[in-house]
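S.K.: Build me a model from this:
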Amino acid sequence: MSRSLFAGLTDYSYQTLSDMLQDLEEWIVSLRKTHDFFDKTINQLTQNGYWNKTVPLELNILFALKS
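M.R.: The predicted structure is shown next:
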């Protein structure tokens, strides 16, 4: 099932608990892939000196991965 762009707007009224569980499990997989992508990208940007030199402090703090 596709999820709403905004939290709390996904309509689960016609889904079974099993369907909802499957959606949550898929969401967890998606979040892990996204986290891994961000982690890998930030590590690359840090290694080449871009992250600490060019990325605004606010963004750096938002991700709180590198300082």
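
S.K.: Going by C-alpha atoms from here, please, whenever you check contacts or count neighbours.
M.R.: Noted.

S.K.: per-residue pLDDT, Leu31?
M.R.: We have a pLDDT of 90 for Leu31.

S.K.: quick one: the strands in this structure?
M.R.: Chain-ordered strands for the chain, with DSSP state E as the definition, do not occur.

S.K.: how far does the longest helix that it contains sit from the chain's center?
M.R.: Longest helix of the chain, by residue count under DSSP state H: helix 17-47. When distances are taken as CA atoms, centre = their mean, to the nearest Å, helix 17-47 is centred 6 Å away from the chain's centroid.

S.K.: Quick one: residues contacting Tyr12.
M.R.: Applying CA atoms under 8 Å, 6 or more residues apart in numbering to Tyr12 gives the contacts Met20.

S.K.: Please tell me how far it sits from Phe6.
M.R.: Distance, Tyr12 to Phe6, by CA to CA, to the nearest Å: 14 Å.

S.K.: Low-confidence stretches in this protein?
M.R.: In the prediction, the chain carries residues with pLDDT under 70 at positions 1-5, 7, 64-67.

S.K.: Distance check, Leu62 against Leu31.
M.R.: Taking CA to CA, one finds Leu62 at 17 Å from Leu31.

S.K.: of those two, who's got more company?
M.R.: Ranked by neighbour count (other CA atoms under 10 Å), Leu62 and Leu31 place Leu31 first, with 12 against 8.

S.K.: got the contact list for that one?
M.R.: Listed by CA under 8 Å, 6+ apart, the contact set of Leu31 is empty.

S.K.: That one and Leu24, how far apart?
M.R.: Counting by CA to CA, the gap from Leu31 to Leu24 is 10 Å.
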